[in-house]
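S.K.: what would the 3D arrangement of this be:
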Amino acid sequence: MSHSLIYQRYTISSVPTQNTETGQWQLRISISLEEDGATKSIPFWMPLEYATEAEADIHGITFGQRIIDGKIPGLLPRK
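M.R.: Got it, this is the predicted structure:
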């Protein structure tokens, strides 16, 4: 399960990955912004594991929103 969400001017793309050793899921996202005709994308991931792909997906989108909102300092430049 993967999906994208437009949040403010950014696109958050969530693509959870499964740990083949534990069967658990890790959140992996990228945050993209189009400026001056070029798209810049920054990948993020967390070492936390979730029981289901859907859970990792939801937490990934929320994590991306927190980064964009500046609630996780230093991860994304603010304009």
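S.K.: what sits against the residue most central in space within the chain?
M.R.: Centroid check for the chain by C-alpha atoms, centre = their mean gives Ile29 as the closest residue, at 2.7 Å. Listed by C-beta atoms under 8 Å, 6 or more residues apart in numbering, the contact partners of Ile29 are 12-15, 43-45, 60-61, 63-64. The way it works is simple: take the backbone N, C-alpha and C, and place the C-beta from them, glycine included.
S.K.: in those residues, find the pair that's most separated.
M.R.: Within the contacts of Ile29, Pro43 and Ile61 form the most distant pair, 14.6 Å apart (C-beta to C-beta).
S.K.: show me where this structure has strands.
M.R.: Ranges of strands within the chain are 3-7, 10-14, 17-18, 25-35, 38-50, based on DSSP state E.
S.K.: now the second one, how far from the chain's geometric center?
M.R.: The chain centre lies 6 Å from the centre of strand 10-14; the measure is C-alpha atoms, centre = their mean, to the nearest Å.
S.K.: low-confidence stretches in the protein?
M.R.: Within the chain, the segments meeting pLDDT under 70 span 1, 76-79.
S.K.: circling back: just put the strands of the chain in a markdown table and tack on distance to Lys71.
M.R.: A markdown table is the format used below for these (distance: least, C-beta to C-beta, whole Å):
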| stretch | distance to Lys71 |
| --- | --- |
| strand 3-7 | 13 |
| strand 10-14 | 14 |
| strand 17-18 | 24 |
| strand 25-35 | 13 |
| strand 38-50 | 13 |
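S.K.: how many residues are close by Ala51?
M.R.: 10 (other C-beta atoms under 10 Å).
S.K.: ok, it touching Gln24?
M.R.: Yes. Using C-beta atoms under 8 Å, Ala51 is in contact with Gln24, at 6.6 Å.
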